[in-house]
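Sequence first, predicted coordinates after that:
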Amino acid sequence: MKKFNKVVSKVLRIKPNRITGSTSPMNVKSWDSFRGLLLITEIEKAFHVKFSMEEILSLKDIGSLKKMLKSHGVNGDEQ
Amino acid sequence: MKEFSLSEYVTIDRKTASRGKKKGFNKKIKIAFLGSFTLNGFREVLNVKCHDAGIKASFYIGDYNQYANELVNKDSKLYNFEPDITFLFVDAKSFFGDIFFNPYSGSERKRMDATRENYKKLSVFVSAFVKYGSGILVMNNFEIPVYSPIGILETKEKFGYFDMIKELNKLISRFNKYNSVFVFDYDSFASGAGKKNMVDDKLLYLADIKISLDKIPVLCEEYMRYIRALLGLSRKCIVLDMDNTLWGGIVGEDGLEGIKLGPLPPGNAYMEFQKYLLALFERGIILAINSSNNEEDALKVLREHPYTILKEHHFASLKINWENKVKNLVEIAKDINVGLDSMIFLEDDKRIRELVKMALPQVFCPDLPEDISCYPGFLRNIKKLDTLQFTHEDKKRSTRYVAERKRKASTGAFKNISGYLKHLSITVEVSPADKFSFPRIAQLTTRTNQFNFSTKRYQEKEIERLALDRRYGVYYVSVKDKYGDYGITGALIVRKNQKKWFVDTFLLSCRILGRNIEEAVLSDLIGRSVKAKVSMLSASYKKTEKNQPVINFLKKCALLPRKCNPKDALITLYEKGKTPSLTRQIKHIKIISK
């Protein structure tokens, strides 16, 4: 499994095959504000990146999280 | 003792929630959490940690920054929850307000006033808790900052910015006068963890989380010390291996001169390890030995080595033999009469540790570090030895267990028990309770299960109230013999109506049973009744799972018919004109009645 999906699935407790670009707090019950912060800190740890506060504030869904990672030079779709 | 990350705890917490119903819990606890900021994560971590310790925890987490209302309002959700333990975490920034950012906008006077005012504010909260609350309150003190707007001049100020917080922390320690309030030294915790890493600025500004998520599990581990102590789950006894644990090398092969123990490395690490163990002994932790050795070789080190800190007289039990170490541990537990679940076993051999973990999972048998230089630090980090009270008796506990070993060793020399008892030259002292003995008497009522007539539990406050009430007599029993002082090991509470006395509580610690001390105390009580011209002295007995020794005692004294096994009974201990003859059994005991 891709590292990215593994982290998301673990923190949000959803099945990896349910994760798409439009997965967001709107359609995942467990994704509350605290879980969102946990997700970000775990992604940061897993890929050795640090997001800025403004990046985090602009986060809407998994798609935008992947874009954020890309701007830090990480491709979340790769192994 | 590896710590998980917060996110792992959150994941495990979900699983334990569904698993929880199946697991048999030994203990239950209600935990409340109050704070000045977002408290996410604490519940999950504490829940998992409690679950692992066999504790079923339920929680009340206060709303964001509502701690003041919760504490002062006696009908608050907090008090309705009736917690056993309440944690209060208020951060200096939100508590001090503007002066925290701009401490030098005003004079020294202003800083002092702000500090005193803040103390008053806290006093209101804390005394409200003492009045309305249940259980205990554990409150953090404040983290002393490391940055000052006046930079290097900070230390020149007479009452500067840092002094405000330091002074408030000093004032906060006054709350320790309340038995139900404990101050957690958060400043010292933060120093240890690194103040620079205590806050994650991004989370602080995004979500007002004033402690880094990485630090929440570490802080919760500190909080667990209070929970374990409160529920009586702390460990009391450290059992030690000898070769490569107390010293380097193998004494049977390297000889007394060859082992590594002394001022030079690596012997210095072993020596300091022993020094930390001695300090634990001095505070009442029982020490014992479980070693594979020829007894004389190993004892020679304790008796003759110039640098050994621990001597033979520090150990309550010494099993030095070629037996299985698991068997030895079981025997040590029996020897000193502590549960296996009160024991820690420190052993350098991994294979033996694995055996012990498998055979005796109740014993805490941690993996010692490979490197001896890490031993002292490892020992300092074992956070399972805490108690909420520290009475004189607790301090002397380890010494008493050593006296018990010597006492037992002398049993063999006597043909019969009465010769042995005579040899012990026991002194029993019965005295009216005073303010020094209140905490210990209360502790005895909560801990004594075997020789306890009514098993009524009392808090220190209640003992004090009864002792000051003229209608009651509260007495404590202290015992010593030629091998040592047992300290306060019994208590009596007597309700005194004009001509009739009624024994509300009569208890003796199991450590002193079987030496006719029971009879001695009863005879003293009867003596007091006679002196006060009382017509009848009676006591209520209430059967529990554990207090059969009381029935045995009553039968032995012919105060209860042989075939009678009551659940509840009112026992007549003395009636004017009919004195039970107790004197024969207690000839060997000296009774001092105060």
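That came through fine.

Can you give me the neighbour number for whatever residue of chain A ends up closest to chain B?
In chain A, the residue found nearest to chain B is A:Phe34; the distance is 4.2 Å by Cβ to the nearest Cβ. For every residue, glycine as well, the C-beta is placed using N, CA and C. The local packing of A:Phe34 (other Cβ atoms under 10 Å in any protein chain shown) involves 16 other residues.

B:Phe87 now?
26.

show me what contacts it?
B:Phe87 makes contacts with B:Ile31, B:Ala32, B:Phe33, B:Leu34, B:Gly35, B:Phe42, B:Val138, B:Met139, B:Asn140, B:Tyr223, as judged by Cβ atoms under 8 Å, 6 or more residues apart in numbering or on different chains.

Give me the secondary structure label for it.
The three-state label given to B:Phe87 by DSSP: H, G, I helix; E, B strand; the rest coil is strand.

Could you measure from it over to B:Glu143?
From B:Phe87 across to B:Glu143, the span is 16 Å (Cβ to Cβ, to the nearest Å).

how far out from the middle of the chain is whichever strand or helix holds the residue of chain A closest to chain B?
Assigned by DSSP states H and E, A:Phe34 belongs to helix A:33-47. How far helix A:33-47 lies from its chain's middle: 7 Å, per Cα atoms, centre = their mean, to the nearest Å.

What parts of chain A come near chain B?
Applying Cβ under 8 Å from any Cβ of the partner chain, we find that chain A lies next to chain B at A:10-11, A:13, A:33-35, A:37-38, A:41-42, A:45, A:51-53, A:56-57.

What subset of those residues is buried?
A:Lys10, A:Val11, A:Arg13, A:Phe34, A:Arg35, A:Leu37, A:Leu38, A:Thr41, A:Glu42, A:Phe51, A:Ile56 (16 or more other Cβ atoms under 10 Å in any protein chain shown).

For stretch B:402-419, list the C-alpha coordinates in PDB.
C-alpha atoms of stretch B:402-419 as PDB (Å, rounded to 0.1, in the frame of the first residue of the first chain):
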ATOM      1  CA  VAL B 402      14.800  -6.600  57.400                       C
ATOM      2  CA  ALA B 403      14.100  -6.900  61.100                       C
ATOM      3  CA  GLU B 404      11.400  -9.500  60.300                       C
ATOM      4  CA  ARG B 405      14.000 -11.600  58.400                       C
ATOM      5  CA  LYS B 406      16.300 -11.600  61.500                       C
ATOM      6  CA  ARG B 407      13.300 -12.400  63.700                       C
ATOM      7  CA  LYS B 408      12.400 -15.400  61.600                       C
ATOM      8  CA  ALA B 409      15.900 -16.600  61.500                       C
ATOM      9  CA  SER B 410      15.900 -16.700  65.300                       C
ATOM     10  CA  THR B 411      12.700 -18.800  65.500                       C
ATOM     11  CA  GLY B 412      14.600 -22.000  64.900                       C
ATOM     12  CA  ALA B 413      16.500 -21.800  68.100                       C
ATOM     13  CA  PHE B 414      13.400 -22.200  70.300                       C
ATOM     14  CA  LYS B 415      11.700 -25.400  71.300                       C
ATOM     15  CA  ASN B 416       8.200 -24.000  71.500                       C
ATOM     16  CA  ILE B 417       6.400 -20.800  70.500                       C
ATOM     17  CA  SER B 418       6.100 -19.400  74.000                       C
ATOM     18  CA  GLY B 419       9.900 -19.500  74.500                       C
END
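
outside of that stretch, which residues touch it?
By Cβ under 8 Å, 6+ apart, stretch B:402-419 touches B:313-317, B:335-336, B:420, B:423-424, B:481, B:483-484, B:511, B:588.

hmm, 10 Å instead?
B:281, B:286-288, B:312-318, B:335-337, B:396, B:400, B:420-424, B:480-486, B:511, B:514-516, B:585, B:587-588 (Cβ atoms under 10 Å, 6 or more residues apart in numbering or on different chains).

which of those residues count as buried?
Counted by 16+ other Cβ under 10 Å, the contacts of stretch B:402-419 give B:281, B:286-288, B:314-318, B:335-336, B:396, B:400, B:420-421, B:423-424, B:480-481, B:483-486, B:515-516, B:585, B:588 as buried.

Quickly list the domain ranges of chain B.
B:6-230, B:237-380, B:415-593 (automatic domain parsing).

ok, back up a step: for the record, mean pLDDT for the helix or strand just after the helix holding A:Phe34?
Next along the chain after helix A:33-47, taking DSSP H and E as the criterion, comes helix A:53-57. Averaging pLDDT along helix A:53-57 gives 94.

Quick one: work out the angle between the very next helix or strand once past helix A:53-57 and helix A:33-47.
Proceeding N to C from helix A:53-57, the next assigned helix or strand is helix A:62-71, under DSSP H and E. Angular relation of helix A:62-71 and helix A:33-47 on a 0 to 180 degree scale: 30 degrees, by axes from the mean of the first three to the mean of the last three Cα atoms, to 10 degrees.

Show me which residues of helix A:62-71 are buried.
For helix A:62-71, by 16+ other Cβ under 10 Å, it's A:Ile62, A:Leu65, A:Lys66, A:Met68, A:Leu69.

what do you get for stretch B:533-544?
So, applying 16+ other Cβ under 10 Å, buried residues of stretch B:533-544: B:Val534, B:Leu537, B:Ala539, B:Ser540, B:Tyr541.

swap in stretch B:2-19?
B:Ser5, B:Leu6, B:Ser7, B:Glu8, B:Tyr9, B:Val10, B:Thr11, B:Ile12, B:Asp13, B:Thr16.

Among those residues, which ones are in helices?
B:Leu6, B:Ser7, B:Glu8, B:Tyr9, B:Val10, B:Thr11, B:Ile12, B:Asp13, B:Thr16 (DSSP state H).

Hmm, B:Val45 and the last one touching each other?
In other words, B:Thr16. No. Checked against Cβ atoms under 10 Å, the pair B:Thr16 and B:Val45 is beyond contact range at 11.4 Å.

Overlap of the contact sets of those two?
B:Tyr9.

What ranges in chain A fall below the confidence cut-off?
Applying pLDDT under 70 to chain A flags the ranges A:1, A:79.

which one of the domains of chain B lies closest to A:Thr23?
domain B:6-230 (17.8 Å; Cβ to Cβ).

Next to chain A, which bits of chain B? Give me the list.
Contact residues, chain B versus chain A (Cβ under 10 Å from any Cβ of the partner chain): B:5-8, B:10-11, B:14-15, B:38, B:40-41, B:44, B:200-207, B:209, B:212-214.

Just want the residue of chain B that's nearest chain A.
B:Asn40 (4.2 Å).

Model confidence at that residue, what's the number?
pLDDT at B:Asn40 comes out at 90.

which SS class is it?
coil.

contacting residues around the nearest residue in space to it that is not next to it in sequence?
Nearest non-adjacent residue to B:Asn40, counting by Cβ to Cβ, 6 or more residues apart in numbering or on different chains: A:Phe34, 4.2 Å away. Neighbouring residues of A:Phe34 by Cβ under 10 Å, 6+ apart: B:Val10, B:Thr38, B:Asn40, B:Gly41, B:Glu44, B:Ala207, B:Ile209, B:Leu213.

that older thread, in helices, which of the contacts of B:Phe87 fall?
Using DSSP H, the contacts of B:Phe87 in helices are B:Phe42, B:Tyr223.

check contacts around B:Lys158.
Contacts of B:Lys158 by Cβ under 10 Å, 6+ apart are B:Glu108, B:Arg111, B:Met112.

Please work out how many residues are found near the residue lying closest to B:Asp504 once chain neighbours are set aside.
Closest residue to B:Asp504 apart from its sequence neighbours, by Cβ to Cβ, 6+ apart: B:Ile493 at 4.3 Å. As a burial measure, B:Ile493 scores 24 neighbours (other Cβ under 10 Å).

With the one 3 residues further on instead?
By other Cβ under 10 Å, the residues close to B:Lys496 number 17.

residues in contact with residue 60?
Picking chain A for this. A:Ser22, A:Ser24, A:Pro25, A:Met26.

My question was about chain B, not that one.
B:Tyr60 neighbours (Cβ under 10 Å, 6+ apart): B:30-34, B:43, B:70, B:77-83, B:86.
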